[in-house]
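Visitor: missing the sequence, but the structure's below:
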C-alpha cells in the first residue's frame, strides 16, 4: 500500500510539474507574441505583413480630376486591383498647389492603407515656403512616369508657331495669361523657367490642378497652359487646342511632330518635366512597402495599363524605391537652387 501511494504521488507530482511547465510555456509564448505585435491579430503597425491588406486602401491624389496625375492614378488602380485583393479608392485632395494632399498623405497612419501619389511639387513647394515638409517624410514605393511641359494654346489663337508666340510675348509684356496647376506647381515653374530662358513675361494664373487650367484655356479665361502633352491630348486630337512646342530636352512620343523649344526657337531651358510615383508615410514597415511595390509593379506591366497610358500620351518611367528616392533628392536639390534664382521663394 505504501509503495502504491508513493507511485501515485510521484505520478501526481510529475503531472503537476508538466502542467506547470506547460502553463509557463504558454505564458512566455503569449508574451513574445504580444510584444512582437502578433498576438490575437494585434500588430504594432495595425496589420502583420503576412495578412496585409485586410481592408480597403486609399490612394491620395493631390490634384483635381482630369489632370495627368489623376489619369495615371486611376489607370494604375484599375490594373493593380487584382493583385491587392482589396478595393483601392482614389481620393482627390486639392488645394495649395498640391500641398493639402501631400500633407495629408505624409501625416497618415504608417500602416500601408494610405498611399500618396507623389508629384514633383513635393520638391518645389518647400523651397517656396508653401509646404512645411520635404520628400523625407515619405518612404517611396515606385516611380511610375515622367512627362515634359507642352506650351499649348487654343486652335483659334493667332500664334501658329512657338516663335510667333514668344515674339508676341516679348513685345506685349504680361499680356499673355498663362494658366498653371497652382502657385508653386511644376507647371508654374515650367512657365517661369521659360520666361527666364526667352526673356519674356507672362501673367501667371493658378488653378487647382492641370485639369482646371486646361478647362480655363478652353473657356478663354487664359491664353496658354504649360502642362504635359497628356493633359491636353484629347482636346488636341479633337482640333480644339494646339501644342506650339515641347518645353523639354526631347520631343513627346505622343506628338512626335511637335518641335522642342530648342528646335523651334534656338532657346534652351533646363526643365526636366514632372515625375510621379507612389509612397507611404516614412514609418511604414518595409515588409508592407515591399508587398505594395510587388503589386503595383505587376499592375504597371499589365498591357491594359500601358495601352491606357499611351492613349493618354503619358510617358512611362519606372524606377524602384531606391531609384525613386534618388529622383526626389535630385529634384529637391535642383529646385533649392533654381527657385530663389527665379525669384519665386516666399521664405
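Guide: Happy to help now that I have it. Since this is a predicted model, take the numbers as computed values, not measurements.
Visitor: what segments of this protein are strands?
Guide: Ranges of strands in the chain, per DSSP state E, are 57-61, 88-92, 114-119, 138-147, 149-154, 177-180, 203-206, 241-247, 274-281, 316-319.
Visitor: okay, now the sheet partners of the last one, with direction.
Guide: Within its sheet, and counting by DSSP bridges, strand 316-319 is paired with strand 138-147 (antiparallel).
Visitor: repeat for the third one
Guide: If you go by DSSP bridges, strand 114-119 pairs up with strand 57-61 (parallel), strand 274-281 (antiparallel).
Visitor: residue 262 is nearest to which of the ones you listed?
Guide: For the strands paired with strand 114-119, proximity to residue 262 was assessed by CB to CB; strand 274-281 is nearest, at 19.1 Å. To be clear about C-beta, it is placed using only N, CA and C from the backbone, and glycine gets the same treatment.
Visitor: now residue 187: how far from residue 136?
Guide: Separation of residue 187 from residue 136 (CB to CB, to the nearest Å) stands at 24 Å.
Visitor: and those two? which has more neighbours close in?
Guide: Neighbours per residue (other CB atoms under 10 Å) separate residue 187 from residue 136, with residue 187 holding more: 33 against 12.
Visitor: in this protein, which spans are helices?
Guide: For the chain, the helices defined by DSSP state H cover 2-35, 68-84, 99-106, 162-171, 186-198, 210-219, 233-237, 261-265, 286-301, 303-311, 321-341.
Visitor: what pLDDT, on average, does the second one get?
Guide: By that I understand helix 68-84. Averaging pLDDT along helix 68-84 yields 94.
Visitor: tilt between that helix and helix 210-219?
Guide: Interaxial angle, helix 68-84 versus helix 210-219 (axes from the mean of the first three to the mean of the last three CA atoms, to 10 degrees): 140 degrees.
Visitor: buried sites along helix 68-84?
Guide: 68-80, 84 (16 or more other CB atoms under 10 Å).
Visitor: would JSON lines of those residues with distance to residue 310 be doable?
Guide: Compiled in JSON lines, the buried residues of helix 68-84 are given as follows (distance: CB to CB, whole Å):
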{"residue": "68", "distance to residue 310": "14"}
{"residue": "69", "distance to residue 310": "17"}
{"residue": "70", "distance to residue 310": "17"}
{"residue": "71", "distance to residue 310": "12"}
{"residue": "72", "distance to residue 310": "12"}
{"residue": "73", "distance to residue 310": "17"}
{"residue": "74", "distance to residue 310": "15"}
{"residue": "75", "distance to residue 310": "10"}
{"residue": "76", "distance to residue 310": "14"}
{"residue": "77", "distance to residue 310": "18"}
{"residue": "78", "distance to residue 310": "15"}
{"residue": "79", "distance to residue 310": "13"}
{"residue": "80", "distance to residue 310": "18"}
{"residue": "84", "distance to residue 310": "24"}
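Visitor: farthest pair in those residues?
Guide: Greatest spacing in the buried residues of helix 68-84, by CB to CB: 68 and 84 (22.8 Å).
Visitor: pLDDT score assigned to residue 337?
Guide: pLDDT at residue 337 comes out at 90.
Visitor: tally of neighbours for it?
Guide: Counted with other CB under 10 Å, the neighbours of residue 337 add up to 9.
Visitor: gap between it and residue 146?
Guide: In terms of CB to CB, residue 337 sits 20 Å off from residue 146.
Visitor: repeat for residue 140
Guide: Residue 140 sits 15 Å away from residue 146, going by CB to CB.
Visitor: quick one: which of the two has more around it?
Guide: It is residue 140, of residue 140 and residue 146, that has more neighbours when counted by other CB under 10 Å, with 24 against 21.
Visitor: contact partners for the more buried one?
Guide: Residue 140 makes contact with 118, 277, 278, 279, 321, 324, 325, 328 under the criterion CB atoms under 8 Å, 6 or more residues apart in numbering.
Visitor: how does this structure divide into domains?
Guide: The chain resolves into domains spanning 57-147+274-341, 149-265 when parsed by automatic domain parsing.
Visitor: among the ones you listed, which is nearest residue 51?
Guide: Among these, the nearest to residue 51 by CB to CB is domain 57-147+274-341 (10.4 Å).
Visitor: end to end, how far does that closest one reach?
Guide: Using CA to CA, to the nearest Å, the end-to-end distance of domain 57-147+274-341 comes to 40 Å.
Visitor: again with stretch 293-311
Guide: One end of stretch 293-311 sits 24 Å from the other (CA to CA).
Visitor: next, the buried residues of it.
Guide: Burial within stretch 293-311, assessed by neighbour count using 16+ other CB under 10 Å, is assigned to 293, 295, 296, 299, 300, 302, 305, 308, 309.
Visitor: of those residues, closest to residue 198?
Guide: residue 309 (30.7 Å).
Visitor: and the closest one, what does it touch?
Guide: Taking CB under 8 Å, 6+ apart, one finds 72, 75, 145, 315, 316 in contact with residue 309.
Visitor: look up which residues are beta-bridged to the residue nearest the centre of the chain.
Guide: Note on the chain: the residue nearest the mean C-alpha position is residue 118, at 2.3 Å, using CA atoms, centre = their mean. Counting by DSSP bridges, residue 118 forms beta bridges with residue 277.
Visitor: any stretches of this structure with poor pLDDT?
Guide: 1-50, 347 (pLDDT under 70).
Visitor: would you agree the residue nearest to the centre of the chain is in contact with residue 137?
Guide: No. Assessed by CB atoms under 8 Å, residue 118 is found out of contact with residue 137, at 10.4 Å.
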